[in-house]
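Undergrad: Build the 3D model from these lines:
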Amino acid sequence: MSSDPIPRDGLAPRFWEKKPLTKMSRPEWEALCDGCGKCCLNKLEDEETGEVALTRVACRLFDDTTCRCAQYPIRHQFVPECIVLKPSNIGENLYWMPETCAYKRLWTGQSLPDWHPLLTGTQDSVHEAGVSMLHRTVAEFEVDDDDWEDHIIEEPTG
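TA: Alright, predicted model coming up:
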């Protein structure tokens, strides 16, 4: 795997245990991302129950060889509906976020999982733990919207 595209150096040790999400700096906030890629998967929401199903159909910008957005800094030019997660909107987005997501876990009072890159010091730990979408997706342009149901998966949680 290549070097971690998320800068995690120079941050206070275990800052996430001492600082609420609403008080984190931008580098601290960004460092919480574990790089699993699950937020970049298309989801299906049942209109009657509100239940959200995860599919292996990835956003057209998702690169499943790196588990990263191929155009992260300018992604809204290509995918205007891509959500920018921040403390002010996390509450309304919790319902679709992955169960392993650091933002969701911290918001709900849980700790980071043992495999999180901030704890292990390597971005590869998320893949080694089996929770990422590395090499597990199909691009959305390869699947008709009506066929997304055929690609529903259980969330990899390791």
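
Undergrad: residues in contact with the residue positioned nearest the centre of the chain?
TA: Within the chain, the residue whose C-alpha comes closest to the C-alpha centroid is Cys39; the distance, by CA atoms, centre = their mean, is 3.9 Å. Contact criterion CB atoms under 8 Å, 6 or more residues apart in numbering gives 85, 97-98, 101 as the residues in contact with Cys39. C-beta coordinates here come from the backbone N, C-alpha and C atoms, glycine included.

Undergrad: Next SSE downstream of the longest strand along the chain?
TA: Longest strand in the chain, counting residues (DSSP state E): strand 52-58. The helix or strand immediately downstream of strand 52-58 is strand 62-63, counting by DSSP states H and E.

Undergrad: who does that following strand touch, helix- and strand-wise?
TA: On a contact count with 3 or more CB pairs under 8 Å, 6 or more residues apart in numbering; DSSP states H and E, strand 62-63 meets strand 68-69.

Undergrad: Listing partners with orientation, what would you give for the strand it packs on?
TA: Using DSSP bridges, the strands paired with strand 68-69 are strand 62-63 (antiparallel).

Undergrad: same question for the partner strand, mean pLDDT?
TA: When the per-residue pLDDT values of strand 62-63 are averaged, the result is 96.

Undergrad: The residue nearest to the centre of the chain and Lys104, how far apart?
TA: Summarising the geometry, the distance separating Cys39 from Lys104, computed by CB to CB, to the nearest Å, is 10 Å.
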